[in-house]
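task: produce atomic coordinates for the following.
(one chain, ligands or ions: 1)
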Amino acid sequence: MIQFNKIIFSNIHFVFFILISSCNTVHKEVYICEGKYSKKYHLKKNCNGLSNCSTEIYKVTLSEAKEKGRTICAIEN
Ligand SMILES: [Zn+2]
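Okay, here's the model as predicted:
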């Protein structure tokens, strides 16, 4: 019975770990350019891919960037 409880306990920890790590992904901030041809998101504001951005550089969450159909910058991936 003690062993059984131990297994349950470690599984709960595992579930929490998954929840926390998926939350971090959702709230992770990335940078996007709102230019007409911009289809990427960037992990760093000073990325070379953003240097020729003609508009403001916006900071959004990773989930927002993905909702906009953005994919990760080829340089940073
Ligand atoms: Zn980039």
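
ok, and the closest non-adjacent residue to K68?
Among residues not flanking K68 along the chain, I32 sits closest, at 7.2 Å (C-beta to C-beta, 6 or more residues apart in numbering). Every residue, glycine included, has its C-beta placed from N, CA and C.

that neighbour and E67 touch, don't they?
No. If you go by C-beta atoms under 8 Å, I32 and E67 don't touch, sitting 11.2 Å apart.

coming back round to it: quick one, what contacts the residue nearest to K68?
Residues in contact with I32 (C-beta atoms under 8 Å, 6 or more residues apart in numbering) are S38, K40, Y41, H42, I57, Y58, V60, A65, K68, R70.

spatially central residue for the protein, please.
By C-alpha atoms, centre = their mean, the chain has its centre lying nearest to L62, at 3.8 Å.

pretty sure that residue is touching Y31, no?
No. With contact defined as C-beta under 8 Å, L62 and Y31 do not form a contacting pair (10.7 Å).

what is in contact with these two at once?
Contact criterion C-beta under 8 Å, 6+ apart; residues shared by L62 and Y31: Y41.

confidence score at the residue nearest to the centre of the chain?
We have a pLDDT of 95 for L62.

okay then, goodbye and thanks.
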